[in-house]
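Chemist: return atomic coordinates for the entry below.
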Amino acid sequence: MSSKAKNNHNKNTQKVAKTDKKVFSWWLIPLILVIAVIPLITIIHVYVCGLETNPWFSIGGKLYDFFLYYKSFFLRLVGVIILFSLCYLLPFGQNAFLKEKKTIAPTIAIGVFGLLSLLSAILSKHSTVAFFGGYEQFEGWFVVLTYILCFYIAFGFIRTKELLKFILDVILVGSIIVGILGMFQALGIDWIQSDWAKPILTQELLGQMDLSNFHVKLNFDVGMSYVTLYNPNYVGTYAAIIIPYCAYLIIRGEKLVRRLLAAASVGLMLVTLLASRSRTGIVGIAVGIILLTILIIPMLKKAKPLAFVFLGSCVIGVVLLVTLYPGFIGKLLKGGEEYYVESMDCTDSSLNIHQDDGKTIIATLDTKNTTENGWGKQPIESLISITDEAGNPINATKNEDDNSLTISQDGYHPFVISGASIRPENNSLAVFNEEYKRVSGKERPVTDEINNSIDYICFKDWHHEWRFTDVEGKLMIYNSFGRLDYLNPVEKVGFEGNYHFGSRRGYIWSRTFPLLADHLILGVGRDNFVYEFPNNDYVGKTYMGYETQTVTKPHNMYLQIWMQDGLIALLALLFLYGLFIVRAFRLCFGKHRQTPGSGIEPQSFVIVSAVSTTGYMIVGLANDSTITSAAIFWLMLGCGYAAEAICRKSEA
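Modeler: The predicted structure follows:
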């Protein structure tokens, strides 16, 4: 090399070194917010969700959200900032990555995902919800766009070791805050119930009401950690992403202070994870450890250390599951109570009861007798006739005490059917009258005798009951919200006899599977799952304890994306993740593999990113995508791709 060429090389090297030292830049601010600030935002939001028009949802009333709405709001603002940042950085910044051949595949994958999600939102029946988010989710398409932008700015511009270190430091700070809050909750000291938190939580209500007696009521047990992440399950999702990076800093941190803080973070996060009781989080981390063991094989000179590492990883995983969650497999496969009624539906004045063994009971209401007097005063046998599908009478024994019939014929469960007239509170009666008018188009006919009463037929098994009433000669269910609805057959596939699988996920998945075939290309739109799921499955929901709840998500990220964005969008995401894992394996096992250096460096960063993102994908088998942690996943996946690109350049 000539002296002139050497001088030019030295100048370029100095320039790069100088550039690398300048770590912080204004465009990193949104990434800091995504990692360390957005997950902590907790402010009450009062709203009307718009589901009141559906008979399976309660009527009227304001809803309160503490954890999701403002996370979504500020995440969308962050998306705008990133968009403007990219508009500046791409023309005027370091945009050489756009010319790399290896950039094409992930760019196409994330583009397909975003485009199909956008088309699904545009064509959605509830497009406003699809774009801005809805009830108990608030993960609309504009939030999805922010995910994509997080990925792309990280992929394109986190291209130095110094920037990788900076991102790790931000993760460390955010995780320590989350871990401290979670640890206090584990000790029974809930920050959200404290006086100092009230002014923060109630910003939207200031000046609108007296907050002196305002208290936050949550459904979580004392000692259960949920931090600021809405649901204890989402603590598992967050932990699966964050803990690998903090553990990485313990091993590779270049300063003792950083290592000590990382150790504290891991300890706090483990306490928080265990107190959240998120078994999926433990499983995600355990699978990540196994992947880590595989990826570091080339770094081990002998097979003996590998065997110890692999066996040790498996033992740690098993010990964690067995000691911390005794009966884990049993809980996962728990069958729950017996499901005596497989389904029910109404045809005109008949109630068709389908037993779990395939037999059908038909209870037919005599609509002529029902108009004469209150049903509670009528002999039950004059109101109801009970037959099988062939029209043959089914034996039933009358109980004079409560005017009921108990089925007593061999081969049938001893269900109880009774007639009743109730005098509800004025508000409930007004709601019923409005419901009658809504479904029939007519005012409810009343007489002096039944003017203030609601007549219904009650059907009971051992533990549950369902109420039905007559609307213009048609039997309709009178549900737990005091509303009237048609009882139609519900399509279901899989998990028969084991709907309690995975904390009742088997039930939700069995009702979701039949819906998937209609969404191979486009989905129903973001946060529109609630409209597609059969929330009018009053039999199934009652058995699952969901009779007064609304199913808003499938508790499976893959089913969620398939339903809401379409199968092709899901495949695009899987390709994006899978391509990164392939590149990580190539980096560790390929012919040009390198030996990782000391400290924080790109190759080891790729490995820990593979572990982190894999943990997230594993947790996604039982949890949904959520704004509390999904943006961090997308950003860190982009950082992983960026670190791999740095490694490729060093090979050249």
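
Chemist: flag every buried residue along stretch 385-397.
Modeler: 385-386, 394, 396 (16 or more other CB atoms under 10 Å). Any C-beta I mention is one placed from the backbone N, CA and C, and that applies to glycine too.

Chemist: which of those residues fall in helices?
Modeler: When those are checked against helices using DSSP state H, none is located there.

Chemist: give the other helices and strands that the longest helix along the chain contacts.
Modeler: Scanning the chain for the helix with the most residues, using DSSP H, yields helix 161-186. Contact partners of helix 161-186 among helices and strands, from 3 or more CB pairs under 8 Å, 6 or more residues apart in numbering; DSSP states H and E: helix 3-21, helix 29-32, helix 232-252, helix 256-276, helix 602-619, helix 630-651.

Chemist: does the residue lying closest to K553 once chain neighbours are set aside sit in a helix, a strand or a coil?
Modeler: Excluding the flanking residues, the one nearest K553 by CB to CB, 6 or more residues apart in numbering is D624, at 4.5 Å. Using DSSP: H, G, I helix; E, B strand; the rest coil, the secondary structure recorded for D624 is coil.

Chemist: just the pLDDT for D624.
Modeler: Per-residue confidence at D624 stands at 95 (pLDDT).

Chemist: rewinding a little: can you add mean neighbour count and give the helices and strands packed on helix 161-186 back as JSON lines?
Modeler: Converted to JSON lines, those look like this (neighbours: other CB atoms under 10 Å):
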{"stretch": "helix 3-21", "mean neighbour count": "10"}
{"stretch": "helix 29-32", "mean neighbour count": "22"}
{"stretch": "helix 232-252", "mean neighbour count": "25"}
{"stretch": "helix 256-276", "mean neighbour count": "20"}
{"stretch": "helix 602-619", "mean neighbour count": "25"}
{"stretch": "helix 630-651", "mean neighbour count": "23"}
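
Chemist: show me the one of these that comes nearest F142.
Modeler: Among the helices and strands packed on helix 161-186, the nearest to F142 by CB to CB is helix 630-651 (12.3 Å).

Chemist: just checking, what packs against that closest one?
Modeler: helix 101-122, helix 141-157, helix 161-186, helix 232-252, helix 567-589, helix 602-619.

Chemist: would P55 count as being in a strand?
Modeler: No. Counting by three-state DSSP, P55 is not part of a strand but coil.

Chemist: now it: closest residue in space that isn't a chain neighbour?
Modeler: D485 (3.9 Å).

Chemist: does the one you found touch N479 like I think?
Modeler: Yes. When contacts are counted by CB atoms under 8 Å, D485 is listed as touching N479 (5.9 Å).

Chemist: any residues in contact with both of those two?
Modeler: Jointly contacting D485 and N479 under the rule CB atoms under 8 Å, 6 or more residues apart in numbering are 55-56, 538.

Chemist: can you say which of the helices and strands packed on helix 161-186 is nearest to D410?
Modeler: Nearest of the helices and strands packed on helix 161-186 (CB to CB): helix 232-252, 45.0 Å.

Chemist: tell me the angle that closest one makes with helix 256-276.
Modeler: Put simply, helix 232-252 runs at 160 degrees to helix 256-276, going by axes from the mean of the first three to the mean of the last three CA atoms, to 10 degrees.

Chemist: more crowded one of D485 and N479?
Modeler: Neighbour comparison, D485 and N479: the larger count goes to N479, with 23 against 19 (by other CB atoms under 10 Å).

Chemist: and the more buried one, how far from V582?
Modeler: Separation of N479 from V582 (CB to CB, to the nearest Å): 50 Å.

Chemist: try F184
Modeler: 42 Å.

Chemist: which one's more surrounded, the two?
Modeler: With neighbours defined as other CB under 10 Å, F184 and V582 compare such that F184 has more, 18 against 10.

Chemist: residues touching the more buried one, list them.
Modeler: Here F184 is in contact with 190-191 (CB under 8 Å, 6+ apart).

Chemist: that older thread, can I assume the residue nearest to K553 is in contact with I561?
Modeler: No. The criterion here is CB under 8 Å, and D624 misses it with I561 at 9.3 Å.

Chemist: of these two, who's got more company?
Modeler: I561 (27 against 23).

Chemist: what strand or helix carries that one?
Modeler: helix 557-565 (DSSP states H and E).

Chemist: now that helix - C-alpha only, CSV.
Modeler: C-alpha atoms of helix 557-565 as CSV (Å, rounded to 0.1, in the frame of the first residue of the first chain):
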residue,chain,number,x,y,z
MET,A,557,-50.3,-14.2,19.0
TYR,A,558,-50.3,-16.3,15.9
LEU,A,559,-54.1,-16.8,15.8
GLN,A,560,-54.5,-13.1,16.6
ILE,A,561,-52.4,-12.0,13.7
TRP,A,562,-54.0,-14.6,11.3
MET,A,563,-57.5,-13.4,12.3
GLN,A,564,-56.8,-9.7,12.3
ASP,A,565,-54.2,-9.3,9.5
